[in-house]
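A.B. asks: Build me a structure from this.
(chains A and B)
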Amino acid sequence: MRIATFNVNSIRQRVEPLTRWLKERAPDIVCLQEIKCVDDAFPRGPFADLGYNIAVRGQKTYNGVALLSKLPFDEVKSGLPGDDADDHARFLEAVVSVPNGVVRVASIYLPNGNPAPGEKYDYKLAWMDRLIDFTRARLDLEEPLILAGDFNAIPAPADVHDPKLWEGDALFLPETRAKFRALSQLGLVDAVRAVSDDAGLYTFWDYQGNAFSKNNGIRIDHLLLSPPAADKLAQAGIDRPMRGGEKPSDHVPVWIDLDI
DNA sequence: ATGGCCAATATGATTGGA
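C.D. replies: Got it, this is the predicted structure:
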């Protein structure tokens, strides 16, 4: 089973490159972020034509997450618990059935948090605390669980081309990294880091300043695996060439293969 | 000169992204 995550930076601008990539990579489940449209505006046709079931939690202009799955959804739930006043479309969770049980997947678009300090950074840290609480509860189920998305967190200096330039940024502040570490330390495996210690593995390159050609990137899109999922991990990869293709998002897809 | 962003919005300037 292949599961991927991709921050598309507008689904309506990414139909062509995304469908082309879906045909090549053939993932079973895809977690999408920053679809930037309401549910009714999601371009379902091209993805349904490729055999995907579609779940959407959209929002006008900003944010928005979705799931594509070749397997039917047993359950779909949107919204991260812990704050009823939070109306950002940043979280969508689904369960699918597999031969020996289920797989639970969440598409996550964690707040950016800039400028820090400030209200936006406070919201980010509170959101991370809520994600930690959610994950702790879900881990009790002892299911294969995959948290996949744009975490807006650079885990370590090896995950950024020029760490000096990111000091003070909400994606790289010590408090952000500490919360990301606290999430991981609940027992989750960072799939890319499970297969490679290499520096220079990035998932985002800014549109500005020829960032991609200089490989001036950061690794912020992650797949975090519960122990029953990590036990089945066969491979993980970052589809870096997508960034150099036609009409690219500023992020690229990241994927895993599970022996499920 | 030694650089140049992109997407959405009742749009032509502003906001957010990271």
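A.B. asks: Close to DNA strand B: what parts of chain A are there?
C.D. replies: A:7, A:9-10, A:12-13, A:34, A:36-37, A:60-62, A:111-112, A:114, A:120, A:150, A:152, A:171, A:204, A:206-210, A:218, A:220, A:247, A:250-251 (CB under 7 Å from any atom of the strand). Any C-beta I mention is one placed from the backbone N, CA and C, and that applies to glycine too.
A.B. asks: Quick one: mark the members of those residues that sit in strands.
C.D. replies: Counting by DSSP state E, the part of those found in strands is A:Asn7, A:Asp150, A:Phe204, A:Ile218.
A.B. asks: Return the residues in contact with the residue of the stretch 1-150 of chain A found nearest DNA strand B.
C.D. replies: Proximity of the stretch 1-150 of chain A to DNA strand B (CB to the nearest atom of the strand) peaks at A:Ser10, 3.2 Å away. The contact partners of A:Ser10, by CB atoms under 8 Å, 6 or more residues apart in numbering, come to A:Glu34, A:Ile35, A:Lys36, A:Cys37.
A.B. asks: And the pLDDT at the last one?
C.D. replies: The model reports A:Cys37 with a pLDDT of 96.
A.B. asks: and the closest residue in space to it that isn't next to it in sequence, what does it touch?
C.D. replies: Nearest in space to A:Cys37, with sequence neighbours left out and distances taken as CB to CB, 6 or more residues apart in numbering, is A:Gly58 at 5.4 Å. Neighbour list for A:Gly58: A:Ile35, A:Cys37, A:Val38, A:Asp39, A:Asp40, A:Ala41, A:Phe42, A:Gly64, A:Ala66, A:Ala89 [criterion: CB under 8 Å, 6+ apart].
A.B. asks: what do you get for A:Val30?
C.D. replies: By CB under 8 Å, 6+ apart, the contact list for A:Val30 reads A:Ile3, A:Ala4, A:Thr5, A:Phe6, A:Leu22, A:Tyr52, A:Leu67, A:Leu68, A:Ser69, A:Pro253.
A.B. asks: the longest helix in chain A is where?
C.D. replies: Longest helix of chain A, by residue count under DSSP state H: helix A:119-139.
A.B. asks: tell me the mean pLDDT over that helix?
C.D. replies: The average pLDDT for helix A:119-139 rounds to 97.
A.B. asks: C-alpha coordinates for it, PDB please?
C.D. replies: What follows is helix A:119-139, C-alpha atoms only, in PDB (Å, rounded to 0.1, in the frame of the first residue of the first chain):
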ATOM      1  CA  GLU A 119      -1.100  35.500  18.000                       C
ATOM      2  CA  LYS A 120      -0.400  33.300  15.000                       C
ATOM      3  CA  TYR A 121       2.400  31.600  16.700                       C
ATOM      4  CA  ASP A 122       0.300  31.100  19.900                       C
ATOM      5  CA  TYR A 123      -2.300  29.400  17.600                       C
ATOM      6  CA  LYS A 124       0.400  27.200  16.100                       C
ATOM      7  CA  LEU A 125       1.700  26.000  19.400                       C
ATOM      8  CA  ALA A 126      -1.800  25.400  20.800                       C
ATOM      9  CA  TRP A 127      -2.600  23.400  17.600                       C
ATOM     10  CA  MET A 128       0.500  21.300  18.100                       C
ATOM     11  CA  ASP A 129      -0.600  20.600  21.700                       C
ATOM     12  CA  ARG A 130      -4.000  19.500  20.400                       C
ATOM     13  CA  LEU A 131      -2.400  17.300  17.800                       C
ATOM     14  CA  ILE A 132      -0.300  15.700  20.600                       C
ATOM     15  CA  ASP A 133      -3.500  15.000  22.600                       C
ATOM     16  CA  PHE A 134      -5.200  13.600  19.600                       C
ATOM     17  CA  THR A 135      -2.300  11.400  18.700                       C
ATOM     18  CA  ARG A 136      -1.900  10.100  22.300                       C
ATOM     19  CA  ALA A 137      -5.600   8.900  22.200                       C
ATOM     20  CA  ARG A 138      -5.300   7.400  18.800                       C
ATOM     21  CA  LEU A 139      -2.100   5.500  19.600                       C
END
